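S.K.: got a predicted model here, sequence first, then my questions.
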Amino acid sequence: MSGESIWQKEISGEDIKKLFRFLFGAVKNVITSLYTRLYDYGSELISRYGSKMAVSFFLIPSLGFITIFYFLPFILTFLIGLTSMDFTFQWSWVGIQNYIRILNDSFAPKILGNTFFYVFTTLSFFNVGMALVVSLITNHIPDEVGSAIRGIWLLPRITPSTVYALLWLWAARREGNALINWFLGVLGIPPVDWMLNHPWVIVILVNGFVGTSFGMIVFTAALKSIPEDYYRAARVDGASTWEIIRYIEIPMIKWPLLFVTAYQTLSLLTSFEYILILTDGGPGLYTTEVWSLYSYHVAFKSYGGTVEIGYGAALATVLVLIGIVLSIIYWRVFKFKEMMLEPKIEV
Amino acid sequence: MLVRKGQITIQALVFLIIGLLLGAAIGYFIAPKPAGDIEALQKELEDATAELEQVKAQLQDALNQIDALKEGKTITIKVWAVGPDPPSEYRFLNFQLAAEILNEMLRDLGSNVTVEIEGQFFARPVEWEQYRQNFYQSFAAGEAPDVYLTGHEDIGYLAENNFIIPLDDYIDKYWDFIYYDVFPTLWKAVEYKGQKWAVPQDTEARPLYFRKDVLRQLGWSEEEINALPEKIKNGEFTLQDLLEVAKQAVDQGLVERGILHRVKEGYDYLQFYIAFGGSLWNPETGKMVFNTTAWELTLNWFYSAVYEYGVISPNQFSGDWDADFHGPFTEGRALFLSGGTWHKGEWIQKGLLTEEEFQELIGYALHPAAREGGRPVTLSHPLVYTITTQAKERGLDEIAFVLVTLVTMPTFNSKHAVQSAHLAITRSQITETQYAQDWFLQDVAYMLEYTTFIPNHPDWGKYSRIVFNALRAVETGDMSPSEALNYMVTEMQNQLSDSVEFVD
Amino acid sequence: MKSLGEKIGIGIVVAILTIPVLILYIYLFLISVSEDIVGIFPTGFTIDNWLEVLDGEIPVAGATFYKYPNIYQVALNTFFLAVMIALLEVVLSSLAGYSLSRFKFRGRSQLLTTILILHAFPGITLLIALFFILVQVGLYNTLIGVILVKVALELPLGIWIMKGFFDGISWDMEMSALVDGCSRLGAWWRVIMPNVRNGLMAVLIFGFLSGWAEFIYAQTFIAEQSFWTFSMLVYAFTIGEYSYIKPGITAAIALLYMLPVILFFLFAQKYLLRIQLIGKGGA
């Protein structure tokens, strides 16, 4: 300890690092002690009142949340879909009239078509396609480089949605000096008004970039678990990289492929956040409107105040039912895969 | 790693800090927030105070009678107002000014009640849809504002469903303050089933703007350009001529688009239907009207504008306000713009045009008649202040009404009208305030003689939505005019069979 | 030893794979520190945009007094949202995870199944019903409402993660530590915590990031401007009058918003990867 007063000491990089470590450690300590006390309390409860009490203590908060905000909405969505609730929250039972209206809705077929197109295209090009490409390629180049690339592909997903959409909207502007059009200009192609004439391109690109990371991580994990022997044997036999990919790697990741396809299908079917920000279903009459967005618009957006919560709920119920059915199927089919993907503790 | 012995003290410290932070955060959120910056408005306040001297005595009498003002406490009145154009901020700000003056009067009366204003002004990016939705949601949550500004056409729905209270008694009580001076036609806009349900806040006209510089390039002389508004008024320049002149400009490459119109759902395009002979409601039966021939002609006009003349962009109804409406017109890339008087306010306020540039480059007229010798049209959409039933439950309805009355005074209203280019609602406004110096507002005053209102019918929203969908589909090419007409008729019959009568 | 040709090949691959992603972020940064954009190249290096943003108040184009919500208010809102979601999630999911891992009780496997299924289910479809519930309960237009909804929808994931971590610690470990003379606390500290800590951090970070980036629920459930979060503010500039707000300012705000995300990305990537592995997918 020098004789200097602490205020006169210069702050060095080391000090800042020490400060952060201190803060981080302090937070960890708080959480730790909270845990310790909870754990002890739990053990006390067990010994005093038996396991049942302890279980309740541990489970009830979570169960409460899930019941009110997850289960209840399931039922409510269905129920509201059977009413004619409008924005005054007054309602009357109309039974399946809303569903009949869906069948007669002049825009429903177009929106349904949009939804399938959107899901299929984004899935094949990016969520599965690009994910496969990135994971395969990064598996064959030096590992540090590979993980760096995969890390970078994580960025779109963790970037806040409005920011990422903003970036793409800037890049997709109709002027010649917007990123995409400038690049096209270098190739000699005249500028394109993307948002007006080819909105799907942008919608699929944005959703695709965001969605690629999930498949990429799953595939990479699966690829890395292929035993080294296979590769050695293949090299001994003189196989080229392409043949290795085609005959060893792809067949061995069949299950992950199916898993990603299934999961991402459900996810894409119900997501509309980026579409809302990018095009809001337009331009034009429901050009890029998908089912989930339609339900949102019907229930929340109306110029003259003709919001129809009942009808919107009916539209949403369709998705909810599909979601439940698919989730149960996935659970059945992928139960084992789910186990496989449990985190292995590596410190 | 921290030393174990010191663990508890460090923990305590961290707990303390986190606790303080959380406490501060919670405190912040619970504390009531002042709704605006009063200091900035001081200058405005001085103007208003001067004018109100005259009615102060009368108002003090009235205030003496209001029960809610007898107890000594703070009364908070919640006001919601919408633009969505940002220059219309005075629709909300005026209440803060009025509250200041009201408080002064209360001091003079010896009362220690203070009136505070909370609430907010909603402007872009919030649009009408979200504004209305927010209102209904807050109402359901029991937190509706006391004063709710909205379009007059909402009155039907709001009244039928008990959102707002009728104001006849209050209007009669405070008639001599300012209400005697309000233009009579505006009272029609707030009537529903024989009662008055709101106080008019402003009105506007929807002119057809045109670029004088483009007309000059087309070879028009100055006299011809200046005579255009007159010709439109006399029915000499029709909707057909509009298409042709626009086409010339586009063909000669002078502009990218011939005619611009609003990019979202609204009421402007209804003018074309009116020009073609349609009407929107029947005052005798109280039902909305669907004139099949007029709609057919309107749909055809829009269709030919897009596909035969090429003067309207097929995606105009899904565009962006800046890129497809304000931008092209103020930069001279379009010839005609079907808009509202408040757009001039927006263009000046945003710095897109200066007053000189506006005078030099932009002309404005009524929307042309459909045929030679016909009557030109415009549409007005008065916005109105309503008082909610929840205000009455809280016992605050009369105070809210007093504030509304103050805000209707000429000086207050003119602040709004001049900055945002809306039209006056009282006669004295036109001559006695800064309104009188605004050459633009004086110039467009004549349009009010040719104007129509949309109906105050509870189901109006559905009618509007069906019409919008049909027009948009015709423009984008998703439906042909006849398909769109069928769509409209079918939907009207499905959703509005009781509220609409069909006329050929 | 890689040959030059191979190195170049790898370089090209890296470039093609990463540029489409990275270039947008680089562009964002460049715009935030430039005065204008000529062609696609920002010109005029300036920190004025940042200064204006850090000043807090941004006027709305066209109005004389009306301003966008103060940046610091917005930051506080977003932070409050993220922290509360993270804390609630950590506490609730570790409690539930522990009990599901350790205790045998009737209905345990059914509960586990339900949680798994909920994990896969897209919660966004329940938006309308959630809105209805919040209005009825009076939590509409509050940040608390958004917090509760988000926590509930992300609990299945959190519970699953924590359960997995607790599973990795067998009773034997605990028992042997106790037998060896450790106090319960000692056993807990030495044996359980190190293993679970990763799980806690994962859930904490995940919760914070998801709260920080939250948009759609906030947008639907909040009407009051003083409760706006960063995502809503950026949205206002995206679809609003963004041509009248200098792109530089929008970019600066967006970068400010992304700051925690970037920090986590640089320093806590392994947690993020782990979360993605177990987490729900989808845009």
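M.R.: Arrived safely, thanks for sending.
S.K.: what's the local residue count around the residue of the stretch 201-347 of chain A found nearest chain C?
M.R.: Distance from chain C to each residue of the stretch 201-347 of chain A (CB to the nearest CB) is smallest for A:S267, at 2.4 Å. For the C-beta atoms, the positions are set from N, CA and C on the backbone; glycine is no exception. The tally of other residues near A:S267 (other CB atoms under 10 Å in any protein chain shown) stands at 24.
S.K.: which element is it on?
M.R.: A:S267 is located in helix A:254-270, with elements delineated by DSSP states H and E.
S.K.: which residues of the stretch 151-300 of chain A fall in helices?
M.R.: Using DSSP state H, counting those that start in this stretch, the helices of the stretch 151-300 of chain A run over residues A:161-171, A:179-186, A:194-197, A:199-224, A:228-236, A:241-244, A:250-252, A:254-270, A:273-278, A:291-300.
S.K.: the fourth one vs helix A:254-270, what angle?
M.R.: To tie it back to what came earlier, the one meant is helix A:199-224. Helix A:199-224 runs at 150 degrees relative to helix A:254-270, counting by axes from the mean of the first three to the mean of the last three CA atoms, to 10 degrees.
S.K.: thinking again about what came up before, now render the helices of the stretch 151-300 of chain A as a markdown table, adding mean pLDDT and distance to A:V318.
M.R.: Written out in a markdown table, the entries for the helices of the stretch 151-300 of chain A read as follows (pLDDT from 0 to 100; distance: least, CB to CB, whole Å):
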| stretch | mean pLDDT | distance to A:V318 |
| --- | --- | --- |
| helix A:161-171 | 90 | 24 |
| helix A:179-186 | 84 | 35 |
| helix A:194-197 | 83 | 29 |
| helix A:199-224 | 90 | 21 |
| helix A:228-236 | 84 | 45 |
| helix A:241-244 | 79 | 44 |
| helix A:250-252 | 83 | 35 |
| helix A:254-270 | 88 | 10 |
| helix A:273-278 | 92 | 18 |
| helix A:291-300 | 89 | 7 |
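S.K.: may I see the ones you listed arranged in a markdown table, with distance to A:F24 as well?
M.R.: Rendered in a markdown table, the data for the helices of the stretch 151-300 of chain A read as follows (distance: least, CB to CB, whole Å):
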| stretch | distance to A:F24 |
| --- | --- |
| helix A:161-171 | 27 |
| helix A:179-186 | 38 |
| helix A:194-197 | 44 |
| helix A:199-224 | 26 |
| helix A:228-236 | 37 |
| helix A:241-244 | 43 |
| helix A:250-252 | 40 |
| helix A:254-270 | 34 |
| helix A:273-278 | 32 |
| helix A:291-300 | 40 |
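S.K.: out of the ones you listed, nearest to C:I115?
M.R.: For these, the distance to C:I115 is smallest for helix A:254-270, at 16.3 Å, taking CB to CB.
S.K.: returning to that earlier point: output the helix holding A:S267 as CSV, nothing but the C-alphas.
M.R.: Taking Å, rounded to 0.1, in the frame of the first residue of the first chain, the C-alpha atoms of helix A:254-270 are listed here in CSV:
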residue,chain,number,x,y,z
LYS,A,254,-31.3,-36.7,-40.7
TRP,A,255,-32.9,-36.5,-37.3
PRO,A,256,-31.7,-33.0,-36.6
LEU,A,257,-32.8,-32.0,-40.0
LEU,A,258,-36.3,-33.3,-39.4
PHE,A,259,-36.3,-31.7,-36.0
VAL,A,260,-35.3,-28.2,-37.3
THR,A,261,-37.8,-28.4,-40.1
ALA,A,262,-40.6,-29.3,-37.8
TYR,A,263,-39.8,-26.8,-35.1
GLN,A,264,-39.2,-23.9,-37.6
THR,A,265,-42.4,-24.7,-39.5
LEU,A,266,-44.5,-24.1,-36.4
SER,A,267,-42.5,-21.0,-35.5
LEU,A,268,-42.7,-19.4,-39.0
LEU,A,269,-46.4,-20.3,-39.2
THR,A,270,-47.2,-18.1,-36.2
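S.K.: so that helix versus helix A:291-300, what angle?
M.R.: Our comparison of helix A:254-270 with helix A:291-300, counting by the same axes, to 10 degrees, yields an angle of 30 degrees.
S.K.: measure the most centrally placed residue in chain A to C:F121 for me?
M.R.: The geometric centre of chain A, computed from its C-alpha atoms, lies nearest to A:G211 (CA atoms, centre = their mean), at 6.3 Å. When CB to CB, to the nearest Å is the yardstick, A:G211 and C:F121 sit 18 Å from each other.
S.K.: shaky segments in chain A?
M.R.: Low-confidence segments of chain A, defined by pLDDT under 70: A:1-13, A:38-55, A:87-88, A:284, A:302-307, A:335-347.
S.K.: how about the strands of it, start to end?
M.R.: Ranges of strands in chain A, per DSSP state E: none exist.
S.K.: what ranges does the stretch 1-150 of chain C have for its strands?
M.R.: Here the stretch 1-150 of chain C has its strands, by DSSP state E, counting those that start in this stretch, at C:34-38, C:41-45.
S.K.: quick one: which of these is nearest A:V206?
M.R.: For these, distance to A:V206 was read as CB to CB. The smallest value, 21.3 Å, belongs to strand C:34-38.
S.K.: okay, now the nearest residue to B:R394 once chain neighbours are set aside: neighbour count?
M.R.: Nearest residue to B:R394 in three dimensions, chain neighbours excluded: B:D146, at 7.2 Å (CB to CB, 6 or more residues apart in numbering or on different chains). Neighbouring residues of B:D146 were enumerated by other CB under 10 Å; the total is 26.
S.K.: what about B:D146, distance to chain A?
M.R.: Distance of B:D146 to chain A, computed by CB to the nearest CB, to the nearest Å: 18 Å.
S.K.: for that residue, give me its contacts.
M.R.: When contacts are counted by CB atoms under 8 Å, 6 or more residues apart in numbering or on different chains, B:D146 is found next to B:I77, B:K78, B:V79, B:I387, B:T388, B:Q390, B:A391, B:R394, B:L396, B:D397, B:A400.
S.K.: re earlier: list the buried residues for the helix holding A:S267?
M.R.: For helix A:254-270, a neighbour-count test (16 or more other CB atoms under 10 Å in any protein chain shown) marks A:256-257, A:259-260, A:262-270 as buried.
S.K.: figure out how far it is from the centre of its chain.
M.R.: In this view, helix A:254-270 has its centroid 11 Å away from the chain centroid, taken as CA atoms, centre = their mean, to the nearest Å.
S.K.: tell me what that helix is packed against?
M.R.: Under the contact criterion of 3 or more CB pairs under 8 Å, 6 or more residues apart in numbering or on different chains; DSSP states H and E, helix A:254-270 touches helix A:108-122, helix A:199-224, helix A:291-300, helix A:309-340.
S.K.: will you turn those helices into CSV that also has distance to chain C?
M.R.: Putting the helices and strands packed on helix A:254-270 into CSV (distance: least, CB to the nearest CB, whole Å) gives the following:
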stretch, distance to chain C
helix A:108-122, 8
helix A:199-224, 3
helix A:291-300, 5
helix A:309-340, 4
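S.K.: ok, which of the ones you listed comes nearest C:F45?
M.R.: helix A:199-224 (28.9 Å).
S.K.: the closest one and chain B in contact?
M.R.: No. Remark: helix A:199-224 sits outside contact range of chain B, by CB under 8 Å from any CB of the partner chain, the gap being at least 9.6 Å.
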